[in-house]
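Student: Everything below, folded, please.
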Amino acid sequence: NKLTLLTAEPVPESDAKVSVLMAQMKAFRAEYYQWQKRKPELISTNPEIPLLLGEEELQKVKKDLEMVLSAIQSKNEQLKEDLEREQQWHDEQEQILSVCNELEGDMKKEAVSDSDKRALEELEKQMRELKEYKKKLLNALSEFLDEHFPFPEGYENAGKKKKKSSEDSGEQLITMHEILEILLNQLLCTPHDPYVKVSDSFWPPYLELLLRSGIALRHPEDPNRIRLEAFHE
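Tutor: Model prediction:
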């Protein structure tokens, strides 16, 4: 009864010996139930003989069950050892992975080699040269506009940013440079609405020149609004 009440872990099917012993135990249990259902004939009238036979059979069953229990316990011990080894191997792999991640991080930090540094410095140099070139272009454009598109006759010099009030509207005329600057700022700052309302400060000859040359475009629905052509797109 004690052996029957012991809770054993499931035995893998691959262990043939344990499987055979378990089959034998089931067979003994079935035979035990069969003996309970029928009343066997006494081999001898001597009460000691059946008792001795029963004790011998019980000792045999006990021995078999002890072998099964020992095999199961041995298998469990082996499984525990395997589990401990696997856990140790897993911990070692985790440590190796952590070290590799640290090395990878260090290598990424040191990934910028001398050649990359030289390339980066070359790019920075080119950026500075482009900024200088842009500044020269803007200055040249400003001088070109001041020279070839001066302030209308009868008004003060545009380079000094001084304007004279118009006799008809009272608006102050602006230079070609300022007109282009207004159109460019509107295009870049609000690309969804690049149009600028034409006011009396826009000198009509300059406005007509921008429209005819394709630099500026009128609004398809409002002729009093113009925009700069998006040459950068």
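
Student: low-confidence ranges in this structure?
Tutor: Applying pLDDT under 70 to the chain flags residues 1-16, 39-45, 111-115, 152-171.

Student: Can you show me the helices along it?
Tutor: 2-5, 16-37, 48-109, 114-148, 176-189, 204-212 (DSSP state H).

Student: right, so these: which one is the most enclosed?
Tutor: helix 176-189 (a mean of 17; mean count of other C-beta atoms under 10 Å). Any C-beta I mention is one placed from the backbone N, CA and C, and that applies to glycine too.

Student: report the angle between the axes of it and helix 204-212?
Tutor: For helix 176-189 against helix 204-212, the angle by axes from the mean of the first three to the mean of the last three C-alpha atoms, to 10 degrees is 40 degrees.

Student: counting contacts, what elements does helix 176-189 pack onto?
Tutor: helix 114-148, strand 196-197, helix 204-212, strand 225-228 (3 or more C-beta pairs under 8 Å, 6 or more residues apart in numbering; DSSP states H and E).

Student: Mind doing that once more with 10 Å?
Tutor: Applying 3 or more C-beta pairs under 10 Å, 6 or more residues apart in numbering; DSSP states H and E, we find helix 176-189 packed against helix 114-148, strand 196-197, helix 204-212, strand 216-218, strand 225-228.

Student: Pipe the ones you listed into TSV and attach distance to Glu178 per row.
Tutor: Converted to TSV, the helices and strands packed on helix 176-189 look like this (distance: least, C-beta to C-beta, whole Å):
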stretch	distance to Glu178
helix 114-148	9
strand 196-197	12
helix 204-212	10
strand 216-218	14
strand 225-228	13
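
Student: Leu180 versus Leu138, what's the distance?
Tutor: With distances taken as C-beta to C-beta, to the nearest Å, Leu138 is found 11 Å from Leu180.

Student: I misspoke; the intended subject was Glu86.
Tutor: 76 Å.

Student: ok, Thr175 touching Tyr206?
Tutor: Yes: if you go by C-beta atoms under 10 Å, Thr175 and Tyr206 touch, sitting 8.3 Å apart.

Student: Could you pull up phi and psi at Pro194?
Tutor: With angles defined as degrees, to the nearest 10, Pro194 sits at phi -80, psi 0.

Student: Test my guess that it contacts Leu183.
Tutor: Yes: shown here, Pro194 and Leu183 form a contact pair, counting by C-beta under 10 Å, at 7.9 Å.

Student: Apart from its chain neighbours, what residue comes closest to Val61?
Tutor: Nearest residue to Val61 in three dimensions, chain neighbours excluded: Phe28, at 5.5 Å (C-beta to C-beta, 6 or more residues apart in numbering).

Student: so what's that neighbour up against?
Tutor: By C-beta atoms under 10 Å, 6 or more residues apart in numbering, Phe28 lies in contact with Glu57, Lys60, Val61, Asp64, Leu65.

Student: In JSON lines: those, plus distance to Pro220.
Tutor: Converted to JSON lines, these look like this (distance: C-beta to C-beta, whole Å):
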{"residue": "Glu57", "distance to Pro220": "111"}
{"residue": "Lys60", "distance to Pro220": "109"}
{"residue": "Val61", "distance to Pro220": "105"}
{"residue": "Asp64", "distance to Pro220": "102"}
{"residue": "Leu65", "distance to Pro220": "100"}
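
Student: domains for this structure, by residue range?
Tutor: 49-112, 114-148, 172-232 (the TED database).

Student: got those as TSV, with distance to Tyr32 columns?
Tutor: Shown next, in TSV, are the domains of the chain (distance: least, C-beta to C-beta, whole Å):
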stretch	distance to Tyr32
domain 49-112	8
domain 114-148	83
domain 172-232	93
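
Student: Please report how far the residue nearest to Asp64 when sequence neighbours are not counted lies from Cys100.
Tutor: Of all residues not flanking Asp64 in the chain, Gln24 sits nearest, at 6.0 Å (C-beta to C-beta, 6+ apart). Distance of Gln24 to Cys100, given as C-beta to C-beta: 53 Å.
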